[in-house]
Structure formats: C-alpha cells, structure tokens
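S.K.: Okay, here's the prediction I keep looking at, along with the sequence it came from:
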Amino acid sequence: MAALGTDAAIAEGFADPVTASQEHFRHLLDALSRPGRIVELGAGLPAAPAPLSRGSYALLLSLLDYETPLWLAEAGEAAASLRFHCGCPVTECTGDAVFAVAPGGAAPALEEFAQGTPDYPDRSTTLLLEVEALGEGGQELVLRGPGIEESAVLRVGGLDAGLVGQLRANHRSFPQGVDIVLVAGSRIAGLPRTTEVEIR
Amino acid sequence: MSAATNIDGGGTLAGYNFAYLDEQTKRMIRRALLKAVAIPGYQVPFASRDMPLPYGWGTGGIQVTAACIGQEDVLKVIDQGADDTTNAVSIRRFFATTAGVATTERTVEASIIQTRHRIPEKPLTEGQILVYQVPIPEPLRFLEPRERETRKLHALADYGVMHVRLYEDIARLGRIATSYSYPVLVNDRYVMSPSPIPKFDNPKMHMNPALQLFGAGREKRIYAIPPFTKVVSLDFEDHPFEIQKWDEPCAICGATGSYLDEVVTDDAGNRMFCCSDTDHCAERVAAGEGPGAGESR
Amino acid sequence: MYVAVKGGERAIDNAHRWLAERRRGDRAVPELSVAQVEEQLGLAVDRVMNEGSCFDPGLAALALKQARGDVVEAAFLLRAYRTTLPRFGYSEPVDTGAMLVQRRISATYKDLPGGQILGPTFDYTHRLLDFCLMAEGEAPAPAPEAPPEGDGTSPHVLSILDREGLMQQEEPGTAGERTADLTREPLLFPADRDLWLQGLSRGDEGFLLALGYSTQRGFGSTHPFVGELRMGEVAVEFVPEELGFAVELGTVPVTECEMVNQFTGSRSEPPQFTRGYGLAFGHAERRAMSMALVDRALREAQATGEATAPAQDQEFVLYHADNVQASGFVEHLKLPHYVDFQGELENIRRLRAMTAGESNAEAAQ
C-alpha cells in the first residue's frame, strides 16, 4: 500500500478483516482464558512492520480503533501502519495506553501502565510482550489461577528475569493490574492479572 | 429496504455485516470480553447497541455471540433448557440468517451455546463457550438500586448486605428462599449474579472446562467466568447451599438427576415431570432409557 | 401432549402473517401511504424521530405504518435501523438563535424584539371533535402569511436577562472536547449535563411529562417560567476532515424551550435566574418543555449534591426514560419463565411442608 504522503512505509493489513479479526480475537480469548496454553494464530498472517512480530501486528489490527490509544516501546514503521489501518491514537504515555507493545527483555515497569481503578479495574492496559520463544527457552514458569485446572508450566525465552517479580506484584494488586500477552512470532500465551507466576 | 430481507450468496443478510454488528462494535465488545475474562465475575461496562430484537429478550447474549462467532462455529440456542421454545427459535434463526453459521440442537456438537435460564445437563467441554443472556447483571441491585453505590460495594468487596439478606430468610423461613439467580462468589473476589438460572445449575459453573460469558444488553454489562474457575454459591456453615430435588424421575426418559419441568396435564390438576433440557432427554430416549428402564442420569 | 409454550418456526411464521394481515386491516379501505403518514400524522412522526434518535421523517412514517401506529414500537424500529448506519462524525452545534421561526412565544415578557408568534398551535383551539374531518371535507384554505420582521430571525429571550447579568452563566465547552454520546458509550454515573440532555432528548415523552409535572407539584423545587418556546428550521453544519471548514448539510425543524427558574443565590453566587433546557426534533412542545423542567431538576441536584425528588435522581431518570429499553424489559415477562417458576414452586412447597411439619410436631407434644 502506498505511503499516503508520509515517509514511513505502510505495511499491508488483512485481506479479509472481518474473518481475520474474528479468528485472532478467538485465539486471544482462548489464550487469556487458559493461561499457560500456547495458541498458534495460524499461517498467513500479514507481514509485520518493524519492530513488531506478525503475531502482535495481527492482534493489534484485530482490536484497535480510534477508541484505543496504543503505546509502542519503539515506534518504528509500526506506528504509521497501525494509525493508517486502525485510526488508533499512538500515545507517548504508558498510563494512557489501552494496548501497549514492548520487548520482553526490556519492558517498562508494569506499574507504569494503566492499572484500572478500584471501581473500574477494566480500565487497564493490555500489554503485548514480544519474547524470543514460547514452549522453549530459558525461563520455566509455573502458573496457577483461573483458567488452569491445577497448575500449568510455560517455558519462555527472552523474558527479563526482573519482570517475573513484577508479574507477582501485578497479581497481588488484583482486581487492578495489567493483562499480559506473550508473543513469539505467530504464537501467543496469555498471562492475565489473575495468574500467579512462579519460576521453577 | 428489500436488501434487508434478502439472503445473498454468502449465506448472510445482504446489506448487513457478518453476524449483523459492524466491526467497530464487535471490537468494542471483544475488548470488553477480554477484560471480563481477566477479572472473573466483575461487570465490565460496554456500549451496548440497539439491536433488532427487544431489550430483555437476549440482546446482551446476542451481542456477545455476534462478537465471538465465526464461520466455523456451530451454534445452539436454548431458552428454559429447550431448543424449540419460541425465543430460542427466533435467536437461532437470527444467526442462521445474519451469519450463515451451522446450528444444532445437540449440546455435544455446539461450539457456542447461547442460553437463557439454564445450563445444559451434559457436562460442557474445553472447546465450548456458554453465552448467558442476563436481565439484571447486578447481584446487589434489589438490595441497593443505585449503580454508584453497588459499584462502591464491589470495589470494597463489601458483601455484608447480601449475607444479611440471605440470613434474614433463614431467620424468618428456616431456609434460604432464593431458588434462582442465586448469588455466587467468583474466584474468591466478586459476588456475581449467575443470571436467572435455577440454583440447581449453580454447581455446574464451578471449575467448568468451558468458557462462560455473560451479556446484559439493556444494562450494558459484560462479565465472564474463565474455565476452571472457583465459583461458590453463598451460604452459611449451619445452612449449606443445596439444590432442588424432585420426588419422581423424568416421565419421558426416567432421569433422576436432571432439572424437571412440571407440566399440568389436565384440568383436574394432574401433572407430570419431565426434563427441561430437551436435548438431554431426547438423547437418553434414543439410547433406550425411559421411565421403565430404571437408572438415573 | 407437551406443547404449552413450545412454538417453533411455523408458529412464529404464522403469527407474523397474521400480524401483517391485521396491519393492513379491511382491504375494502384504501391502503395508507407512507407519504400520507408523514404529511398528515406529522406530530407522531416527530415523536418517533425523537425517541428513535434519528431524523428521517420518511423512515419514521414507514416505522409508524409498519408498527400499526404504535409509537414505541415505531421508535424501536427506527433505532434498530439507526444502529446499522455508518457514523461520519459529529455536526457543529446548531444555532437556534438563527432559527427561521414559525412559532415563538415568551411567557416572561408581554412583547419583545422579533414579536410573539403563535404559529401552528393547538393552544386556544376548543377541543371539539371536528366532524367535517370525518366527512373528508375540502382542504382548508391556506393561512395568511405575514412578511418576516427584519431578517426573519429572533434573538433569544433569555439573552435579554443575560445582558443584565441576571442569568446564571453556562460553562462554555472546551474546544475539541467530545460531547458524551450514550449510543456509543456505556451509561456511567455521575452523568454530566451533555449526557443527561441526550438521554432526555430520546426519552419517553410520557415519562418526561410525568417527571416534569412532578416537579411542578413539589417533587423537586422548580418555579419555572417559559422564558421562551420556539419552533422552526435550523441549519445543520458539518466540518469534513478533508475540508476543514463547515458546510451546511440541510435544515431540520426543531422545538426549543428555555425555562427560567428562580435561584436565591448563595455565599459564592449572587441571586440570579437559572435555566432549564429542552430541544427536540420537529414540533414537540410538550417534550421540549418537560425536558427543560427535568433538566433544571437534575441541575439543582448536581449543584446541591442532594437528590430528594425522583426528577432530581440521575439514575432514576436516565435508566428509566428510555422507552425502547423499558418496553422490552416489561414485555420480556411474556417469555417463558417456567424453569424459574418451577424453582419457586419447589421452594414454596418445601417451606409449607416445613411449617406443616413443625405444627404437627407441636400438636403431638
């Protein structure tokens, strides 16, 4: 797609937005409903603008619009593409973000994102953390909480060790807190605020 | 308006988007659903739309289903446990027309089940989503009519009023007199209305492998119970929660463990009892069960 | 045997065919055209547009015809159609001061610039059934027309009081601030005035009337005067993003009411008059006046932080004004509830058995 008078290149969106958005939403719903489960978004995801993975790009295309301020750790080409396809505002302020994307190895502190309020805990950021691998890699997380029958084990590569401690604090602040989606390529795993995380 | 009554080649209603709702509305509902799953039992406000079916007739459930449903889904709709009640027929037809999806009356075949007032008898499985139609999402509403107040009570997890109300029943009547919409505590945090299902169905919500979504269109609220989530019916140590029981089995299939409808058969007040879950009943009959076959469930 | 409420598709189809037959009525009587409804039942059309939140007299007339004259059902039809329409943006605020006035009266002044214009009103008609209409008599002779005074526009009456500093100042909106829109956002409390005015403007006319009336009878202290009631055409302007300046989309008829209310003042504010505001599509005086009364009552509650009367209670007013929601929920009681009722039966039988058991035990002692 042409760049429409800006310098940044615009990446392509979905060929069939109605079907693609529905499928990716269901995958994300599944991932957040069943923490620890690795969900494959499928083949045929559009090529993502830097620095996003295909998985993150597909989820954002599916869920963003003019009502959802987006925060990106690194704007790259992604900001222009998402603004173009979704009409979403791109914000500099983590606390305003409805959705945010950051690398799993170097994310801002979770508490910097919108936490929701005691009356409206839903008004919090959903953070996509780009990691190197899901189902393999250096960290082995043991998860407990809603969506998990007893406990689940999730292996993650490229997640900052300090972040795991923050995940525990995030869980303790329930019902407030952020909800996290780990993304590796086209694979995703949900870590909602209800999930209790331990390192094995 | 002829476009609105024709069905195009794609199997959906010409002039309307797949599953009726526009994409912006679906995204808004989907975002609310994701937050609902992350905060089990908490009522997420959402910008419910005017739907072509009346408020109070399942507009919340319809919007949730419309936001979730895809071409691969198989939809079942029940009202009072039955697939052939008029409103269930009407809603099933709405989705068959606007989304062209496959529909079924069999619980096991469905990927999405929209329901009013019942949870199917057959245990649900991991791939399934149960969508409840909710008239009054606020469990505290009849104790405190003001939204600003009830929201505060939820924020503080201050559920004393609910316990007092249940206890007043015990003091006055000797037992808790709530037989449907029996309040539950979800994930040890939020008191939630299970919608007007009979309390018989409450235990099915606990640690259910399926995802349970709740839509209240008129009141503009969405909430959820993720799979395998603790759901406890409120009670007292000396008055534990108990469910309805019948003295006789289903007159059609002989089941003793299912919720029964009472059907008045003549002017003399004679009646029979039979399963409210029509699919469950039919399946048992097909398997050779009956009143004479002896067994339960 | 087991058929009580189990209808199924055929029952629904047949019911709808019967409904269509009833709608048409006696075929010996000519079919009513949508244009006839639009032209000759214009006040019903206006009400449907207001409660349906959609300005389209043709579609409102169609809805009325389809709904067999049931105004609430017609508003529902129009609303359900409205939700499917793409939204291009928000218009500029209409300038009712520039209205081409067809009717304009003030109860607070005997005469005023621009004059009092009675216009097409039922006021001062004697409510005697006109049997000539039954006989489908001749079309009435056209009413005489007066040339407009000046440029044909009239200043707002309340601006006279405003110049004297006697009206409470309205807080101007900030540029770029989005007006609340309860058709796109969930209704949350406390609501601000933009939201409740929108809620009232699409609320049920009967409910608004009753609430407004209740404030006159002491349920909420208002001492209102009709500062001005005006009806006429106003221009609707829109700024397309790509142009950056306003273009006129057309004109719509509206009725506007500004009520003046006493306010005795406080330590921080001098004694002054306050305003209650009502605006409605078409010619809808009862609606605009009732809305202005309720607006004033809600403002009073917002200012004092106290809601002592129903009309002052935001949640009571806004949750219950919407007749499409209200009629849906009241009428949903027609749906089968036998599962819950069975629970209640089981419950009451058990309670009675417990009571009987106790009294038997007592008798045995």
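M.R.: All right, it came through fine.

S.K.: Leaving out chain neighbours, which residue sits closest to the residue of the stretch 151-300 of chain C found nearest chain A?
M.R.: Among the residues of the stretch 151-300 of chain C, C:L188 lies closest to chain A, at 8.4 Å counting by Cβ to the nearest Cβ. The C-beta positions use only the backbone N, C-alpha and C, and glycine is treated the same way. The spatially closest residue to C:L188, leaving aside those adjacent along the chain, is B:P45, at 6.1 Å (Cβ to Cβ, 6 or more residues apart in numbering or on different chains).

S.K.: Quick check: that neighbour touching B:Y223?
M.R.: No: B:P45 lies out of contact with B:Y223 (Cβ atoms under 8 Å); the separation is 10.4 Å.

S.K.: between those two, which one's more packed in?
M.R.: Each of B:P45 and B:Y223 has its neighbours counted (other Cβ atoms under 10 Å in any protein chain shown); B:Y223 has more, 28 against 19.

S.K.: Check which helix or strand that one maps to.
M.R.: Per DSSP states H and E: B:Y223 is located in strand B:221-225.

S.K.: just A:L182 next, same as before
M.R.: Counting by DSSP H and E, A:L182 is part of strand A:179-184.

S.K.: quick check: longest strand of chain A.
M.R.: The longest strand of chain A (DSSP state E) is strand A:133-144.

S.K.: Where is the longest helix in the chain?
M.R.: Since no chain was named, I'll use chain A. helix A:17-33 (DSSP state H).

S.K.: nope, chain B please
M.R.: helix B:23-38.

S.K.: Could you name the helices and strands sitting against it?
M.R.: Packing partners of helix B:23-38 (3 or more Cβ pairs under 8 Å, 6 or more residues apart in numbering or on different chains; DSSP states H and E): helix A:17-33, helix A:54-63, strand A:179-184, strand B:44-45, helix B:59-68, strand B:211-216, strand B:221-225.

S.K.: Need those in CSV (columns: mean pLDDT).
M.R.: Shown next, in CSV, are the helices and strands packed on helix B:23-38 (pLDDT from 0 to 100):
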stretch, mean pLDDT
helix A:17-33, 98
helix A:54-63, 98
strand A:179-184, 98
strand B:44-45, 98
helix B:59-68, 98
strand B:211-216, 98
strand B:221-225, 98
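
S.K.: could the ones you listed go into JSON lines alongside distance to A:G105?
M.R.: Formatted as JSON lines, these follow (distance: least, Cβ to Cβ, whole Å):
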{"stretch": "helix A:17-33", "distance to A:G105": "21"}
{"stretch": "helix A:54-63", "distance to A:G105": "15"}
{"stretch": "strand A:179-184", "distance to A:G105": "12"}
{"stretch": "strand B:44-45", "distance to A:G105": "32"}
{"stretch": "helix B:59-68", "distance to A:G105": "34"}
{"stretch": "strand B:211-216", "distance to A:G105": "32"}
{"stretch": "strand B:221-225", "distance to A:G105": "32"}
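
S.K.: how about these, which one is nearest B:L153?
M.R.: Comparing those by their distance to B:L153 (Cβ to Cβ), the top pick is strand B:221-225, with 15.2 Å.

S.K.: List the contacts of the closest one.
M.R.: Applying Cβ atoms under 8 Å, 6 or more residues apart in numbering or on different chains, the contact partners of strand B:221-225 are A:146, B:29, B:32-33, B:36-37, B:40-46, B:60, B:64, B:134, B:137-138, B:186, B:192, B:205, B:208, B:211-216, B:231, C:186.

S.K.: which helices and strands sit right next to the strand holding A:L182?
M.R.: Looks like strand A:179-184 contacts helix A:17-33, helix A:54-63, strand A:126-130, strand A:133-144, strand A:187-191, helix B:23-38 (3+ Cβ pairs under 8 Å, 6+ apart).

S.K.: Save those as CSV, and put in mean neighbour count too.
M.R.: Shown next, in CSV, are those (neighbours: other Cβ atoms under 10 Å in any protein chain shown):
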stretch, mean neighbour count
helix A:17-33, 22
helix A:54-63, 25
strand A:126-130, 25
strand A:133-144, 17
strand A:187-191, 26
helix B:23-38, 24
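
S.K.: export the ones you listed to JSON lines and tack on distance to C:M231?
M.R.: Shown next, in JSON lines, are the helices and strands packed on strand A:179-184 (distance: least, Cβ to Cβ, whole Å):
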{"stretch": "helix A:17-33", "distance to C:M231": "44"}
{"stretch": "helix A:54-63", "distance to C:M231": "46"}
{"stretch": "strand A:126-130", "distance to C:M231": "49"}
{"stretch": "strand A:133-144", "distance to C:M231": "65"}
{"stretch": "strand A:187-191", "distance to C:M231": "57"}
{"stretch": "helix B:23-38", "distance to C:M231": "35"}
